[in-house]
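> just a sequence and a predicted model for now, questions to come.
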Amino acid sequence: MLCISNLRCEYRTNPINVFTAKPRFSWKLESDKTGVKQTFWSIEVAGDSDFGSALWRSGKTASDQSHLVVYGGPPLVSAKAYYWRVKSWDNYGEESAWETAGFETTLLSASEWKARFITMEDENAGVSSAGTVMRKSFTLARDIKRARLYASAKGMYEAYCNGEKVGDQVLSPGWTEYRSRLLFQTYDVTALLTKGENALGLMAGPGWYKGDLAGWLGKRNVFGKRTAVIAQLRVEYTDGTTEIVVTDESWTGAAAPVTYAELYHGENYDARLEQPGWKKPGFAAQWKPVLVENTDTSVLQPEDGLPVKEREFFKPKSFFTTPGGDRVLDFGQNISGWVRFKVSGKAGDRARIRHAETLDAAGNFYTKNLRSAKQTIEYTLKGGETEVFSPCFTFQGFRYIAIDEYPGDIRPENFEAAAIYSDMRPLGSFTCSDPRLNQFVSNVRWSMKDNFVDIPTDCPQRDERLGWTGDAEIFARSACFLMETAPFFRKWLRDLAVSQLEDGQVPHVVPDVLSDVAEHDKRVAGNAGACAWADAAVIIPWMIYAYFGDKAVLEDQYTSMKKWVEYIHGVAQDGLLFNTGFHFGDWVALDAKEGSYFGATPNDLSATAYYAYSTELLAKSARVLGKEEDARKYEKLRGDIGEAYAREFFTPNGRLAARTQTAHILSLYFDLTPEAYRKRAVDTLVELITEQNNHLTTGFLGTPYVCRVLADNGHLDLAYELLLKEDFPSWLYQITKGATTIWEHWDGLKPDGTMWSPDMNSFNHYAYGAVCDWVFSAVGGLDTDPEHPGFARGIISPRPGKGISWAETKYESAYGLLSVRWETGGGNIRVSVTVPHNTTSLVTLPGAEPGTINGVAFVKAEGGARAELGSGSYSFSYPFGG
């Protein structure tokens, strides 16, 4: 029997903040049969649940598409609830019943804002880190059907309605290129309002807008010098009329109990300054009138990413006193977030806690690697009953807290750590017979969570926490396997595009806060245009397309992608060799000179290799989008770059001039090694690794690809050996040191217990975790086929190796669960596969001979035997000598 399930609109279930007049719909098929493919679908969209006057009836449409189907009716209007339903037909001739879901549009045009930005700060407030509060009472005269609050801020804000916090997201409105894009949120406040008197309250803090940023440079007020909030309440009455309440000069305000709030440094909260009832109707205090800060709402855009929320919670694992005398709680996991604690005492008593990622070799609380970031919370009690506190305008990166002040006994049960990250749907998982590798994958996942807090940051703890494009680029593929990152990256890529320089260069960080630092910090000389970093403009949109089948991301970003490639073409030697400008290169590689962060691989080689790769992906993107002239142009350019690369970097005898591991890895991975020279390049790479006693010297550029290059060129055993090593330097070395996240350096904590220089030593940096995409696709054996993106056709091709006897990989695709498990033993291997409906998977059984296995015909393929399977669950057992 054919059924429809998991109806979603723009990646979300029954969303109330759809930001486009042409939304997209997705659903899954359920059936008791195998090999199920959708043959037709029908969608209807209406403003009523009985679909009597549908805006769009697609009719029975011949298509197997069940993911991101674009609405085909007349443009939808703002602030309206819609219903949609879908039915499908399959290749067995079965027809599903209609399944119905809903969605609502938000305000689709900035011109629909009647509210104004209001503030309690004057033009001299740039030095202040305090919060402010604003409120308004109002009367609703009739019975309420539906109510939505649209709100945003220059700074951070929390909204309250009749005493209750509105929504469950935090750090709103998030971080964007505020001068061009300031996002607003949409909240359902129907249940919080009542007929009669009501009240709205808003609390604002500095946030990314005016607070401290890039602390090592002392930057502040990057986007403005005073906070401001804006809100528009739209109430629909049961009689069909509407009423709007807006922020304007009628509001009043005061200082908040938040006396200090900075992202890097923490938050001070004085509960004695609370004004009971200020969020509720009937509040009678004489507050000051607000200032109308700005009437221009043109920068306001609907939230197009994912909200940040409290997602996971941890109780202390231990409580101890360090040799240095600090009273410390260990939560067992390095996270981004904050601590919520209970405390009792008299008015004026204080709780003060500091946060850290790690302890030093002596077991003391270690904060030197935070640089100038204080990561400190101070709470002053109002006295009386038990008080509960957690901050709202800051977050910390930590595993440990030191409790400097606390009235009464410290009881661990009174403390709880809340991990915050963007509300991404978990997708992929990997487990195997080696618990060390399982922990490594967990560490990668946690570093992703901790650094995907609205934007993809480098680290969550020190005075940096910026959207470094290079880190995001090299990790994007792994990120797309672990989580549903398409909406997350969509938002960030739009900021990348608007921050792009006119000549096409891409800033090192997005949002761009380093545009004027070249004279202050030679490590980032020039603010844009570095290879691998700027290539995020091309590589990440392609990864989103490949893993989620989201063609719209390519459409949105195509101009930006093209501008970057054209910039390189304009400055490159003969348009082919990218040998100008500043580059980070193989950042923090172990073959760097003493005291340097720059690896030994020549920048012109790395830059030209990435130029070739971005040009190749741009050509592919052009073909997907039907831009055939561009596709031919960039395919030819990619070929020309490859020829120039071979002439410049290979000798006539086939030796790669740069004798580094990363140079060989990039040349092989990006297919820039002439076929006649491939064996020599591979042999030299193996030789370079052998010279290091089978260890890596690679940095950011070489590390993600080394195992894939080795495995794809006849050295699977060496790839496994590198992956499973646990002595320094190696991925599992960190596991032996008790890490729960990925480190910035191979040797952040050295074997002798000393640490890398504290000026750049994060213990929560996902970049080296990028090897996970090889773990998932090769060790686990599961990947997507870009020719059939979004796992419409999966690639199942496990590659068992020495040291692991079984592995299981699962991915909750847009179509359903795709999984593979393999296990060796007794001279045999069993491979079990699940393929979701409406897809196929190209399955390669490692080491298998062609023929019929468990009723399925397999043909000869590289590394084994291959068959394309439709939906269903399968199990194959056969002799295996691998």
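All right, it came through fine. Residues are numbered from 1 along each chain as shown.

> tell me where the chain has helices.
Listed in chain order, the helices of the chain (DSSP state H) span 207-210, 435-451, 469-482, 486-499, 536-548, 551-571, 603-624, 628-649, 661-669, 675-691, 706-712, 716-724, 733-736, 772-774.

> which elements pack onto the last one?
Looking back up the chat, that one is helix 772-774. Under the contact definition 3 or more CB pairs under 8 Å, 6 or more residues apart in numbering; DSSP states H and E, helix 772-774 sits against helix 469-482, helix 706-712. (Glycine included, C-beta is placed from N, CA and C.)

> the ones you listed: which one's closest to residue 796?
With CB to CB, the closest approach to residue 796 among the helices and strands packed on helix 772-774 belongs to helix 469-482: 13.9 Å.

> please save the CA atoms from that closest one in PDB.
The C-alpha coordinates for helix 469-482 follow below in PDB (Å, rounded to 0.1, in the frame of the first residue of the first chain):
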ATOM      1  CA  THR A 469      35.500  30.800   4.900                       C
ATOM      2  CA  GLY A 470      38.400  28.400   4.600                       C
ATOM      3  CA  ASP A 471      37.300  26.300   7.600                       C
ATOM      4  CA  ALA A 472      33.800  26.100   6.300                       C
ATOM      5  CA  GLU A 473      34.900  25.200   2.800                       C
ATOM      6  CA  ILE A 474      37.100  22.300   3.700                       C
ATOM      7  CA  PHE A 475      34.500  20.900   6.100                       C
ATOM      8  CA  ALA A 476      31.400  21.400   4.000                       C
ATOM      9  CA  ARG A 477      31.200  17.900   2.600                       C
ATOM     10  CA  SER A 478      31.400  16.300   6.100                       C
ATOM     11  CA  ALA A 479      28.900  18.800   7.400                       C
ATOM     12  CA  CYS A 480      26.400  17.900   4.700                       C
ATOM     13  CA  PHE A 481      26.600  14.300   5.800                       C
ATOM     14  CA  LEU A 482      26.200  14.900   9.500                       C
END
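
> pLDDT on it, on average?
Along helix 469-482, the predicted local confidence has a mean pLDDT of 98.

> what packs against it?
When contacts are defined as 3+ CB pairs under 8 Å, 6+ apart, helix 469-482 packs onto helix 435-451, strand 455-456, helix 486-499, helix 536-548, helix 772-774.

> circling back to that earlier point, let's have the helices of the chain in CSV, adding distance to residue 157 and mean neighbour count.
As requested, the helices of the chain are exported to CSV (distance: least, CB to CB, whole Å; neighbours: other CB atoms under 10 Å):
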stretch, distance to residue 157, mean neighbour count
helix 207-210, 8, 24
helix 435-451, 23, 22
helix 469-482, 26, 26
helix 486-499, 18, 23
helix 536-548, 29, 26
helix 551-571, 27, 19
helix 603-624, 37, 24
helix 628-649, 43, 17
helix 661-669, 45, 27
helix 675-691, 52, 16
helix 706-712, 45, 22
helix 716-724, 45, 20
helix 733-736, 38, 20
helix 772-774, 36, 26
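
> out of those helices, flag the one nearest residue 792.
Put simply, out of the helices of the chain the one that sits nearest residue 792 is helix 536-548, at 10.6 Å, with distance taken as CB to CB.

> report the angle between that closest one and helix 486-499.
Orientation of helix 536-548 against helix 486-499 (axes from the mean of the first three to the mean of the last three CA atoms, to 10 degrees) gives an angle of 160 degrees.

> below-threshold pLDDT in the protein: ranges please.
516-526, 882 (pLDDT under 70).

> at 50 what do you get?
Within the chain, the stretches falling below the threshold (pLDDT under 50) are 517-525.

> could you report the neighbour count for residue 651?
Neighbourhood size, residue 651 [other CB atoms under 10 Å]: 9.

> hmm, residue 674 and it touching each other?
No: judged on CB atoms under 8 Å, residue 651 makes no contact with residue 674 at a distance of 11.5 Å.

> mind jotting down where the strands sit in the stretch 51-200 of the chain?
Along the stretch 51-200 of the chain, the segments classed as strands by DSSP state E, counting those that start in this stretch run 56-57, 61-62, 69-70, 81-90, 99-104, 117-119, 132-140, 144-154, 156-161, 164-165, 169-170, 182-188, 196-205.

> out of the ones you listed, nearest to residue 732?
Each of the strands of the stretch 51-200 of the chain was checked against residue 732 via CB to CB, and the shortest separation belongs to strand 169-170, namely 34.1 Å.

> what strands line up against the closest one, and which way round?
Partner strands for strand 169-170, per DSSP bridges, with pairing direction: strand 308-314 (antiparallel).

> for the strand it pairs with, which positions count as buried?
Residues 308-310, 314 are the ones in strand 308-314 that count as buried (16 or more other CB atoms under 10 Å).

> about what we covered before: tabulate the strands of the stretch 51-200 of the chain (CSV), appending distance to residue 466 and mean neighbour count.
Supplementary listing: the strands of the stretch 51-200 of the chain in CSV, determined by distance: least, CB to CB, whole Å; neighbours: other CB under 10 Å:
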stretch, distance to residue 466, mean neighbour count
strand 56-57, 43, 14
strand 61-62, 45, 11
strand 69-70, 35, 15
strand 81-90, 39, 21
strand 99-104, 34, 18
strand 117-119, 26, 26
strand 132-140, 26, 20
strand 144-154, 19, 23
strand 156-161, 17, 24
strand 164-165, 29, 14
strand 169-170, 20, 22
strand 182-188, 19, 22
strand 196-205, 19, 23
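
> ok so, going back, reformat the helices and strands packed on helix 772-774 as JSON lines; add distance to residue 234.
Output for those, formatted as JSON lines (distance: least, CB to CB, whole Å):
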{"stretch": "helix 469-482", "distance to residue 234": "36"}
{"stretch": "helix 706-712", "distance to residue 234": "52"}
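
> figure out which of these is closest to residue 141.
Comparing these by their distance to residue 141 (CB to CB), the top pick is helix 469-482, with 49.7 Å.

> what angle do helix 603-624 and the closest one make with each other?
The directions of helix 469-482 and helix 603-624 differ by 50 degrees, with the same axes, to 10 degrees as the criterion.

> so helix 469-482 versus helix 435-451, what angle?
Between the axes of helix 469-482 and helix 435-451, defined by the same axes, to 10 degrees, the angle is 120 degrees.

> strands of the stretch 751-882 of the chain, residue ranges please.
Counting by DSSP E, counting those that start in this stretch, the strands of the stretch 751-882 of the chain are 782-784, 793-796, 806-813, 816-825, 828-835, 840-846, 851-853, 856-861, 864-869, 872-879.

> strands paired with the fifth one, and their directions?
Partner strands and pairing direction for strand 828-835 (DSSP bridges) are strand 816-825 (antiparallel), strand 872-879 (antiparallel).

> for the nearest residue to residue 849 once chain neighbours are set aside, name its beta-bridge partners.
Nearest residue to residue 849, sequence neighbours excluded (CB to CB, 6 or more residues apart in numbering): residue 865, at 6.2 Å. Assessed by DSSP bridges, residue 865 has beta-bridge partners residue 845, residue 860.

> list the contacts of residue 865.
Contacts for residue 865 were tallied using CB atoms under 8 Å, 6 or more residues apart in numbering; they are 844-845, 848-851, 853, 858-859.
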